[in-house]
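*Asks:* Sequence plus predicted model, see below.
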Amino acid sequence: MASLVFLCLLSFFGCRKPPIVIGLSMNFTGPGVEMAVYVRDGALLAVKEINQGGGVLGRPLKLLVRNDNGTREGIEKADLDLIRRGAIVIIGHRNSRDTLIAYPIAMKHKILLLSPACASSRLTGKDDLFIRTTFVNNELSDKIIQFFKRNRITKILSFIDLSNEAFSRDLFKKLCQDPDFTFNPFFLNSKKGPDYLLRVNRTLCDGNPQAIFFLTNPAVTAFLAQKCRALGCNALFYATTWAQTQDLYHYGGNAVGGLKIFTFAQPGTKYPPFQEFVKKLGRMGLTPNIRNALGYEIVRLIAEDLERAGRVDPIALKNALINRKFRGVIAPIRFDKFGDPHRPIWLLGLREDGRMETMERLK
C-alpha cells in the first residue's frame, strides 16, 4: 500500500511542469521609485491572469523581482541573480542609463533583455538580444523637429537631466543636428540634489526663448517650471514621456498648466485593449497609468511570443518578437527586424486643472 501511495505521489508531482521564470530588475530605491512600482504591479497582474488561464505552453509563469538600486554594482548583482535562477528574459531597467549598464551582461549570458523604458539611439538597429516596447530617440527627434518647424519655433532652452544621460543627452544631440534651430542647453543632475534651482536665474529667461524643453522627470520638470514662471518667463513649455505622470501636476500645479508632452501614450484613449485594462485595474481599486500599462503589456507580449515560438528559449523568443505587429495594451506596436518598436507619437496638453488631453498625432 505504501508503495502504491508513493507511486501516485511521484506521478502527481512528476506531471507538474516547472514554471517559466521571468525576471524584472529595476530601481525601487530613491526618487522616481514610482516607475518601478507601477511596472511591477502591471507585470504581476498580467502573470496572475495568464496563470489563471492555464499558463504558457502548459507551464505557469513566475515573476522574480529584484531591486537593482540604480547603481552599476546593483544592476550587475540583480541581473546575475536572475540569470542564475533560470530567467529566460529580464524586464528592465528603469531608464536608458541603467539599461545600457545591463546590456553587456545580458548579451554575455545570451539572455533576452526586454525594456519598457530605454529610448537611447545607442541601441537602435542592432541584431542582438535586446528589444524594447517604448519609442526610440531617432524617431522621436524627427517628429519633434518637424513639429517645431511647422510652428516656427526655432529658439529653445533645454533643461537636460544627466541622471539619465543615455536618454536626455542622446535626444538633445539629435535635436541639435538640425541647423535651423538654436537649442541652448542647461545641464543638471537631479541625483546630486536640487542645487540646479539656484542656477536658474533671470538671465536664462532674458534670452527670450520661444520654448522651454524639459528633458527631466516629473518632479524636476515641475520645480523648474515653477522657478521659470516665478522669474517671469512666458515661453511655451514642452516635455517628453519621462514627465508624463500624475506627479507632474501634483508637484507643479498651475506652473505646468499648458505644458505639452511628446509621447506614445494617449490619455483617455478609446483603444479597446486599454479600455479593458482600465476596467481590470478599476475592479482592483487601482488607477491605470502609462507605467503599469507598460508592465502589463510587456508580460502579455512575452507570453504571446513564447506560444508562437513553441519553446522556452531566449533566442527563439527574440525571433518570435521581431518583424511583426503586436496588439499592444497602450497602442499597436510594430517591431522591425532589429526589435526596435514603432508606435504612433502624440502631442498632449496639460490643462489648468491637471487633466491631460490629446492635441494631435505627430507626423
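*Replies:* Thanks, I have the structure now.

*Asks:* all helices of this protein, in order?
*Replies:* Secondary structure of the chain (DSSP state H): helices located at 2-15, 33-52, 72-84, 96-108, 137-150, 165-176, 196-199, 202-206, 218-230, 247-252, 272-283, 290-309, 314-321.

*Asks:* Would you mind giving those helices as a markdown table with mean neighbour count, mean pLDDT and distance to Leu61 added?
*Replies:* (C-beta placed from N, C-alpha, C; glycine too.) A markdown table is the format used below for those (neighbours: other Cβ atoms under 10 Å; pLDDT from 0 to 100; distance: least, Cβ to Cβ, whole Å):
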| stretch | mean neighbour count | mean pLDDT | distance to Leu61 |
| --- | --- | --- | --- |
| helix 2-15 | 9 | 43 | 18 |
| helix 33-52 | 20 | 93 | 5 |
| helix 72-84 | 18 | 98 | 14 |
| helix 96-108 | 20 | 96 | 19 |
| helix 137-150 | 18 | 95 | 31 |
| helix 165-176 | 21 | 94 | 29 |
| helix 196-199 | 13 | 92 | 42 |
| helix 202-206 | 14 | 80 | 50 |
| helix 218-230 | 22 | 95 | 31 |
| helix 247-252 | 20 | 91 | 30 |
| helix 272-283 | 14 | 89 | 17 |
| helix 290-309 | 23 | 95 | 7 |
| helix 314-321 | 19 | 97 | 13 |
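
*Asks:* So which of those helices is nearest Leu347?
*Replies:* helix 137-150 (6.8 Å; Cβ to Cβ).

*Asks:* how far out from the middle of the chain is the closest one?
*Replies:* Computed by Cα atoms, centre = their mean, to the nearest Å, the separation of helix 137-150 from the middle of its chain amounts to 19 Å.

*Asks:* again, but for stretch 99-119
*Replies:* Relative to the centre of its chain, stretch 99-119 is centred 14 Å away, using Cα atoms, centre = their mean.

*Asks:* what do you get for stretch 263-271?
*Replies:* For stretch 263-271 - counting by Cα atoms, centre = their mean - the centre lies 15 Å from the chain centre.

*Asks:* buried stuff in it?
*Replies:* Of the residues in stretch 263-271, 263-267 count as buried by neighbour count, 16 or more other Cβ atoms under 10 Å.

*Asks:* now the residue nearest the centre of the chain: how far from Pro341?
*Replies:* Centroid check for the chain by Cα atoms, centre = their mean gives Ala117 as the closest residue, at 2.6 Å. Taking Cβ to Cβ, to the nearest Å as the measure, Ala117 falls 12 Å from Pro341.

*Asks:* what is in contact with these two at once?
*Replies:* Counting by Cβ atoms under 8 Å, 6 or more residues apart in numbering, the contacts common to Ala117 and Pro341 are 132, 134.

*Asks:* ok so, going back, any chance of the buried residues of stretch 263-271 in CSV, with pLDDT and distance to Leu129 too?
*Replies:* Rendered in CSV, the data for those read as follows (pLDDT from 0 to 100; distance: Cβ to Cβ, whole Å):
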residue, pLDDT, distance to Leu129
Thr263, 94, 27
Phe264, 91, 23
Ala265, 87, 26
Gln266, 86, 31
Pro267, 80, 33
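
*Asks:* Redo those residues as a markdown table? Include distance to Leu321.
*Replies:* As requested, those are arranged in a markdown table below (distance: Cβ to Cβ, whole Å):
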| residue | distance to Leu321 |
| --- | --- |
| Thr263 | 23 |
| Phe264 | 18 |
| Ala265 | 21 |
| Gln266 | 24 |
| Pro267 | 28 |
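
*Asks:* Count the residues that sit near Arg16.
*Replies:* Residue crowding around Arg16 was assessed by other Cβ atoms under 10 Å; the count is 9.

*Asks:* per-residue confidence at it?
*Replies:* The per-residue pLDDT reported for Arg16 equals 72.

*Asks:* Tell me the spacing between it and Asn51.
*Replies:* Counting by Cβ to Cβ, the gap from Arg16 to Asn51 is 13 Å.

*Asks:* now do Phe277
*Replies:* Taken as Cβ to Cβ, the spacing of Phe277 relative to Asn51 amounts to 18 Å.

*Asks:* How about Lys279?
*Replies:* In this structure, Lys279 and Asn51 are 20 Å apart, going by Cβ to Cβ.

*Asks:* cool, and Val89?
*Replies:* For Val89, the distance to Asn51 equals 17 Å [Cβ to Cβ].

*Asks:* same check, this time on Asp206
*Replies:* The gap separating Asp206 from Asn51 is 59 Å, by Cβ to Cβ.

*Asks:* Equivalent analysis for Leu362, please.
*Replies:* In this structure, Leu362 lies at 38 Å from Asn51, with Cβ to Cβ as the measure.

*Asks:* With Ile290 instead?
*Replies:* Going from Ile290 to Asn51 by Cβ to Cβ gives 25 Å.

*Asks:* Next: Phe183.
*Replies:* If you measure Phe183 against Asn51 using Cβ to Cβ, the figure is 48 Å.

*Asks:* so what are the domain limits for this protein?
*Replies:* What automatic domain parsing lists as the domains of the chain is 18-135+270-342, 138-263.

*Asks:* out of those domains, nearest to Gly354?
*Replies:* Evaluated over the domains of the chain, closeness to Gly354 peaks at domain 138-263, with 3.6 Å, by Cβ to Cβ.

*Asks:* Alright, calling it a day.
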